[in-house]
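Here's my sequence, what's the structure:
(one chain, ligands or ions: 2)
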Amino acid sequence: MDERREDGRPGDVDWRERRGADPSESREAPGGPPTEERQEPLHPAIEDDAEETRRLAETWAAPTGFVGWFTPVNQRIIGRRFIVTAFVYFVLAGLLGVAMRLQLAVPENDLLAPDIYNQFFTVHGTAMMFLFAIPVLEGFALFVVPMMIGTRDMAFPRLNAFGYYVYLIGSAIFFLMLVVGMAPKAGWFNYVPLAGKLYEPGIGVDIWTTMITFIEVSALTAAVELIVTILKLRAPGMTLNRMPVFVWASLVMAFMIVFAMPAIIVASSLLILDRLVGTGFFVPEMGGDPLLWQHLFWFFGHPEVYIVLVPALGIVSTIVTTFTQRSLFGYTAIVISIVATGFVSFGLWVHHMFATGLPHLGMSFFMAASAMIAIPNGVQVFCWIATMWGSRIRLATPMLYVLGFFWVFVMGGLTGVMVASIPFDLQVHDTYFLVAHFHYVLIGGSVMPVIGALYYWYPQLTGRMMNEVAGKISFALVFVGFNVAFFPMHQLGLDGMPRRVYTYLEESGWGDLNLLATIGAVVLAAGFATTMVNALASLRWGAKARRNPWDAETLEWATESPPPPYNHRHIPIVKSREPVWDWREMKERPVVTGLRSDRREVVVTSILDAEPQAVQVLPAPTIWPFLSAVAASVGFIGILFHPIFFVVSFFLAFFSFVGWFWPRRPWQED
Ligand code: HEM
Ligand SMILES: [Cu+2]
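Ligands and ions are numbered 1, 2, ... in the order given. Now for the predicted structure:
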């Protein structure tokens, strides 16, 4: 092991020695109790050698300048890019939603042509699910988790960067299709035969399938990253049992991605073969089966809605803990619920196919499983209520969004149990009741917690606070606007209004409720816009954040706002579920010593008990992930036009991988 310690003293590294809290070993600085000054350490300072700190910052610094934009691998930069890019798509797809609502405001409106309307709902649904919801939650996980578990980066930083560029390129191409009027029209679940060559001859569906593969590749890289990082890079002492709930949720999300995404990659690859090569996987005349698409799609598609729900539930637990200043009630129950949700969500997919005439016995199992998933979610709701019971809740914006989440998500859950029952589902299948239901779960279960998270972690993202007044106004607009927009749709659905229609007749009598829904949608959009403007304006005018502005308990707040490039100056040793709260009372803070500051080192720990095992050296910034992403994109997009691109991109990818894996120069000092 290396001779130098962080504090410059010679000696062997011994992690365990620090855990015994032997006073003679403590690195406590003289000077008494913690100072709560702005950006001052929360605990008696460990002697920081200014020279060492400077070197650490230099080692972990991200490159700057134009070329520098393509090379960083630091987890916080990549995470932030995911978040920002995803919000851009949120705004764009939200505008499409509003445009559709304007079209539907009055009967027989002609604002949007039918063809355009079809493109709009397809791109709106696809973008919200694939370009916004998954990436934004991955982004938050990539940004927060390493800090929360007390490490300095993800396990595979280059792969992380690769995932981002793949997402960026794939999503940009997909959205460009809308600009040139060639977007797909078969809806976000892209059912065959509607999505087959016969009914969708253009290039739209080809781009759709390719884009899906891009996004899935990017999601898989993020998932692999998260799993390895969470299991192997936790700070010493952070046993599984002490892991913050958000980290648990991210872990479950990552495993769900690993099991769900291959199904959609297979499905979209088979579809592209049908369309480009002339195979017949989904063509009945050639012995194929359209239902195969539905099975493959929903085997992915149902877990997908839980992939965007589970981490949001983790956000809710985090925010509830912080804003009640209490330990989470029923930690174990919540963790088990999250894991159970992950498992059960793979056994529900057929509830999207109740109207396809599958055998009754089989469908009954899926009906039961669908009702069952309410149990783990109900358990969590009760645990949150118990945590909040009798506590003094601080009603800052993140907490308001969480309270809004309770109402909206529980409503969506109730209609979920309703449509889980086959007879009811057959009545409302493909009507606006479903549109109401899934917006309640998606906006309530995912978007509201995500906006809460944006307010909550903004200080760590930017070093500033978002404006509270604007935050509260935005919450009021979102909450009122959302319910006015989507509640009437339940009624419209029960009245028989089908989804995916660009207009309806005067005599149908649906006009009033539709107008109401449109007014609500505009208010809702104004609420989201307020938050977006707030986020942009606060970059410049927001108040500077003090250290740990919300008095939270998890480790991402144990460092400055915004954190330095190395996240934590000293890797902490964790003794409970709320390490930062512990430090209020503790005289000393045990830390890991012995990591070098002249290269990117992180501590590898054991899976269950987070016992230190080794030191891992992470790679420095590099352009190769970007070039590899470009090489892969050339191939994926190119083959839509000519098979030769397969060969071209093979060579491009080959060379970029050679560059990527070129052995590093051995360290002179080693
Ligand atoms: C400003 C907020 C929003 C508005 C006004 C809005 C409005 C709409 C409208 C009008 C439709 C099409 C209904 C139809 O003709 O069948 C729709 C469909 C859909 N929306 Fe939204 N929406 C919003 C936010 C969201 C969010 C945040 C998500 C997901 C995270 C989402 C996911 C979907 C999906 C998956 C569809 C189905 C598309 C399809 O039928 O293929 N929406 N939305
Ligand atoms: Cu489902």
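
For this structure, which residues are neighbours of ligand 1?
94, 97-98, 100-101, 121-122, 124-125, 128-129, 133, 187-188, 435, 439, 442-443, 446-447, 499-500, 521, 524-525 (CB under 6 Å from any ligand atom). (Glycine included, C-beta is placed from N, CA and C.)

State the mean pLDDT of the lengthiest helix in the chain.
Longest among the helix segments of the chain by residue count, using DSSP state H, is helix 290-324. With pLDDT averaged residue by residue, helix 290-324 scores 95.

what do you get for stretch 137-154?
For stretch 137-154, the mean per-residue pLDDT is 96.

Stretch 201-209 too?
On average, stretch 201-209 scores 90.

Could you give me the buried positions within that stretch?
Residues of stretch 201-209 classed as buried by neighbour count (16 or more other CB atoms under 10 Å): Ile203, Gly204, Val205, Asp206, Ile207, Trp208, Thr209.

Check stretch 458-469 too.
For stretch 458-469, a neighbour-count test (16+ other CB under 10 Å) marks Tyr458, Pro459, Gln460, Leu461, Thr462, Gly463, Arg464, Met465, Met466, Asn467 as buried.

Spatially, what comes nearest to the last one if we skip its sequence neighbours?
Going back to what we said before, that points to Asn467. Asn534 (5.3 Å; CB to CB, 6 or more residues apart in numbering).

Surely the one you found is within a helix?
Yes: using DSSP: H, G, I helix; E, B strand; the rest coil, the assignment for Asn534 is a helix.

burial count for it?
Per other CB atoms under 10 Å, the neighbour tally for Asn534 reads 23.

now, the most widely separated pair of the buried residues of stretch 458-469?
Gln460 and Asn467 (17.1 Å; CB to CB).

Show me what residue of the stretch 251-400 of the chain gets nearest to ligand 1.
Nearest residue of the stretch 251-400 of the chain to ligand 1, counting by CB to the nearest ligand atom: Val308, 6.9 Å away.

Also the stretch 451-600 of the chain?
Of all residues in the stretch 451-600 of the chain, Arg499 sits closest to ligand 1, at 3.3 Å by CB to the nearest ligand atom.

coming back round to it: where helices are concerned, which of the residues of the chain next to ligand 1 count?
Counting by DSSP H, the part of those found in helices is 94, 97-98, 100-101, 121-122, 124-125, 435, 439, 521, 524-525.

Most widely separated two among the residues you listed?
Maximum pairwise distance in those, criterion CB to CB, is 21.0 Å, between Thr122 and Leu524.

Need the phi and psi values for the nearest residue to Phe174 once chain neighbours are set aside.
By the measure of CB to CB, 6+ apart, the closest residue to Phe174 outside its immediate chain neighbours is Met211, 4.0 Å from it. Backbone geometry at Met211, expressed as degrees, to the nearest 10, gives phi -60, psi -40.

Could you measure from Met211 over to ligand 1?
Distance from Met211 to ligand 1, counting by CB to the nearest ligand atom, to the nearest Å: 15 Å.

now the helices for the stretch 251-400 of the chain?
Counting by DSSP state H, counting those that start in this stretch, the stretch 251-400 of the chain has helices at residues 290-324, 331-344, 360-372, 374-388, 397-420.

about what we covered before: tell me what the longest helix of the chain is packed against?
Contact analysis of helix 290-324 by 3 or more CB pairs under 8 Å, 6 or more residues apart in numbering; DSSP states H and E lists helix 134-148, helix 245-272, helix 331-344, helix 374-388, helix 397-420, helix 448-462 as its packing neighbours.

quick one: it to helix 397-420, angle?
150 degrees (axes from the mean of the first three to the mean of the last three CA atoms, to 10 degrees).

what inclination does helix 290-324 have with respect to helix 360-372?
Put simply, helix 290-324 runs at 10 degrees to helix 360-372, going by the same axes, to 10 degrees.

So for stretch 606-613, what gets flagged as buried?
Quick answer for stretch 606-613 (16+ other CB under 10 Å): Ala610, Pro612.

Please disregard the earlier target; I meant stretch 570-586.
Neighbour-count burial for stretch 570-586, counted by 16+ other CB under 10 Å, picks out 570-575, 577-581, 583, 586.

rewinding a little: quick one, what contacts the residue of the stretch 451-600 of the chain closest to ligand 1?
Asp430, Thr431, Tyr432, Leu434, Val435 (CB atoms under 8 Å, 6 or more residues apart in numbering).

need the contact list for the second one.
Neighbour list for Thr431: Leu492, Gly493, Leu494, Gly496, Met497, Pro498, Arg499 [criterion: CB under 8 Å, 6+ apart].

again, but for the fourth one
With contacts defined as CB under 8 Å, 6+ apart, the neighbours of Leu434 are Val419, Val428, Gly493, Arg499.

Go again with 10 Å.
His352, Thr415, Val419, Asp425, Val428, Met489, His490, Gly493, Pro498, Arg499 (CB atoms under 10 Å, 6 or more residues apart in numbering).

ditto for the last one
Contacts were defined as CB under 10 Å, 6+ apart; by that measure Val435 touches Phe121, Phe486, Met489, His490, Leu492, Gly493, Met497, Pro498, Arg499, Arg500, Ala517.

Check the secondary structure at the fourth one for me.
Three-state call for His490 (three-state DSSP): helix.

What is the neighbour count of the residue nearest to it when sequence neighbours are not counted?
Using CB to CB, 6+ apart and skipping residues adjacent in sequence, the residue nearest His490 is Ala436, 4.6 Å away. Counted by other CB under 10 Å, the residues lying close to Ala436 total 25.

Perfect, that will be all.
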